[in-house]
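Asks: the following block contains a protein sequence and its predicted model.
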Amino acid sequence: MNRGRGRSTNGYSGRGGRSWRRGGYFDHGRSPVGAERHSGEDSCYYQEDGMSQSRGRHLQKTSPASGSSYSKHDNAPVFGYKPKKPFPDDTGLKWQNDPPEASDTSSAVLKDDFPSLSCQLGSEGSQPYEGRTQVEPLPVEETESCASLLHHDFSRRVNFSCLQDESEPSESYRKMSPQNSAGFGDSVHTECQVVVEPFDICLSKAGTPVMLKPSLLVKNREKRNEIKRSMEGQNGIVLRSGMVLLKKYLSLSDQVKIVKACRELGFGSGGFYQPGYRDGAKLQLKMMCLGKNWDPETGNYGDLRPNDCAVPPRIPHEFYLLVEKAIKDSHALLQQKAIASHVENILPWMSPNICIVNFYSASGRLGLHQDRDESLESLHKRLPVVSFSIGDSAEFLYGDQRDVDKAEKVELESGDVLIFGGNSRHIFHGVTAIKQNTAPRALMDETNLRPGRLNLTFREY
Ligand SMILES: O=C(O)CCC(=O)C(=O)O
Ligand SMILES: [Fe+2]
């Protein structure tokens, strides 16, 4: 794997074959901003007084971003949804339509929504990865050529936040016997060494029955909001070419269902874990992969999580439908704005087989990075990433270069769907802050979601 540098002293030149890992945001008792880990090194960077600094190494300053000439923050109604093509339903999971109000009870179980899901409490989890990783910027022009893509190391991806949140359960690492059952001795040893305590994205309220379906209160509120939305028109914004933000797009009851599904899946085998480094530093988020596992250590996608051999849970079918609807409505928005007659040239169609679910605590962060560990074909076609935000709002940065000073900023609120594909597929993006106590009250009441933010990014490998 090429781990050359190709980085200028004052920033990230983004040229040459190179990859370096990026760790994230460490809690050193000061405002955490960024951290980076080089491949094969243990240098974590954090920012202090506005400078991105290596831990005991060199100072970093990012190179200037080239400005974007795309129109921003244009509001326009999004037309209604008509299914275009079916997404694969290989999960067997069902997300039932809401039952009639009369039968709506708070004691209904989530399994009614996802009959084939079963909570696997206490399932043995994973060992920490050495952190989500990040490659040096790959200029867009380079990504256009498959031949050049082949020369890049796509195994490095993101810059994740490192910080331990005391309120969250920590992984307990248990060494297992290095010998396998066949008795080959020390020369053969299992990779599945660590047990992770399950992480519940929802706080349990003592004595309160967990409400597993949206309550009447939420449904009524939802109805009012839907009427309001249909009167106002939905709020879709073209942030730049290939980048669409659908504001408050997910209904409250869909948000509730997503939280509950993620809770259920995240608590079982292959569920949430806190990626970390072997030196003990932890990333400041919990992560779970659906469909395929993304290994932050290598940047590879696979069918198993290598540390604990857990099979990633499948993507619930209802998630596909929501992604499909969001792309469809984004196309309608682009069409309506007469941005293109062939909207799929601007924002290609995508059928996800990967979903990376992040849970950010209040101090969670995610450094500027590109998503580029998907297949060469997917990247070459610039198939979009579709991102759902639920819970507390996030300050989201995006731009053409890894430079926080030059990046555009947008707030992602609960229910927002952000799509970036086409010319924006390779944008740098990240989360600089989670805004506390900004999640919709009804969502919190209904789900008891921990303070923080749930983010789901769908991709097609
Ligand atoms: O949390 C977000 O909004 C972005 C997540 C992201 O960029 C990623 O998971 O790669
Ligand atoms: Fe990303």
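Replies: Sure, I can see it. Ligands and ions are numbered 1, 2, ... in the order given.
Asks: where do the helices sit along the stretch 301-450 of the chain?
Replies: Assignment of helices within the stretch 301-450 of the chain using DSSP state H, counting those that start in this stretch yields the ranges 317-336, 343-346, 376-380, 441-447.
Asks: now do the second one: which elements does it pack against?
Replies: Contact partners of helix 343-346 among helices and strands, from 3 or more Cβ pairs under 8 Å, 6 or more residues apart in numbering; DSSP states H and E: helix 317-336. Heads up, the C-betas are built off the backbone N, CA and C, glycines and all.
Asks: how about the secondary structure of the residue of the chain found nearest ligand 1?
Replies: Scanning the chain for the residue nearest ligand 1 gives Asn455, at 3.5 Å (criterion: Cβ to the nearest ligand atom). Three-state secondary structure (criterion: DSSP: H, G, I helix; E, B strand; the rest coil) places Asn455 in strand.
Asks: tell me the contacts of it?
Replies: The neighbours of Asn455, taking Cβ atoms under 8 Å, 6 or more residues apart in numbering as the test, are Val357, Asn358, Phe359, Tyr360, Ser387, Phe388, Ser389, Ile390, Ala394, Val431.
Asks: likewise for Arg441?
Replies: When contacts are counted by Cβ under 8 Å, 6+ apart, Arg441 is found next to no other residue.
Asks: one step back: the contacts of Asn455: which ones sit near ligand 1?
Replies: Among these, the residues within reach of ligand 1 (Cβ under 6 Å from any ligand atom) are Asn358, Ser387, Ala394, Val431.
Asks: what parts of the protein come near ligand 1?
Replies: Within reach of ligand 1 by Cβ under 6 Å from any ligand atom, the chain has these residues: 158, 356, 358, 366, 371, 387, 394, 396, 412, 429, 431, 455, 457.
Asks: remind me which residues of the stretch 151-300 of the chain are low pLDDT?
Replies: Within the stretch 151-300 of the chain, the ranges that satisfy pLDDT under 70 run 151-191, 193-194, 205-215, 218-219, 222-223, 225-234, 276-279, 281-282.
Asks: same thing but 50
Replies: 151-190, 207-209 (pLDDT under 50).
Asks: spell out the secondary structure type for Cys262.
Replies: Classification of Cys262 into helix, strand or coil gives helix, according to three-state DSSP.
Asks: turn the residues of the chain next to ligand 1 into CSV, including distance to Glu297.
Replies: Supplementary listing: those in CSV, determined by distance: Cβ to Cβ, whole Å:
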residue, distance to Glu297
Val158, 12
Ile356, 15
Asn358, 17
Leu366, 17
Asp371, 17
Ser387, 23
Ala394, 25
Phe396, 25
Leu412, 27
His429, 21
Val431, 21
Asn455, 21
Thr457, 19
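Asks: most neighbours among the ones next to ligand 1 among the contacts of Asn455, which one?
Replies: Neighbour counts for the ones next to ligand 1 among the contacts of Asn455 were taken using other Cβ atoms under 10 Å; the highest belongs to Ala394, which has 27 neighbours.
Asks: residue contacts, it?
Replies: By Cβ under 8 Å, 6+ apart, the contact set of Ala394 is Tyr360, Glu411, Leu412, Val431, Ala433, Ile434, Lys435, Arg453, Asn455.
Asks: wait, which of the residues you listed is closest to Phe319?
Replies: Each of these was checked against Phe319 using Cβ to Cβ; the closest is Asn455, at 13.1 Å.
Asks: quick one, strands of the stretch 201-350 of the chain?
Replies: Along the stretch 201-350 of the chain, the segments classed as strands by DSSP state E, counting those that start in this stretch run 235-240, 243-247, 285-290, 293-294, 301-302.
Asks: can you lay out those strands as JSON lines showing mean neighbour count?
Replies: Listed next are the strands of the stretch 201-350 of the chain as JSON lines, based on neighbours: other Cβ atoms under 10 Å:
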{"stretch": "strand 235-240", "mean neighbour count": "21"}
{"stretch": "strand 243-247", "mean neighbour count": "25"}
{"stretch": "strand 285-290", "mean neighbour count": "26"}
{"stretch": "strand 293-294", "mean neighbour count": "25"}
{"stretch": "strand 301-302", "mean neighbour count": "17"}
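Asks: can you redo those strands as JSON lines with distance to Ile315?
Replies: Converted to JSON lines, the strands of the stretch 201-350 of the chain look like this (distance: least, Cβ to Cβ, whole Å):
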{"stretch": "strand 235-240", "distance to Ile315": "24"}
{"stretch": "strand 243-247", "distance to Ile315": "19"}
{"stretch": "strand 285-290", "distance to Ile315": "5"}
{"stretch": "strand 293-294", "distance to Ile315": "13"}
{"stretch": "strand 301-302", "distance to Ile315": "14"}
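Asks: compare these and give me the one nearest Met444.
Replies: Comparison of the strands of the stretch 201-350 of the chain against Met444 by Cβ to Cβ identifies strand 285-290 as nearest, at 18.0 Å.
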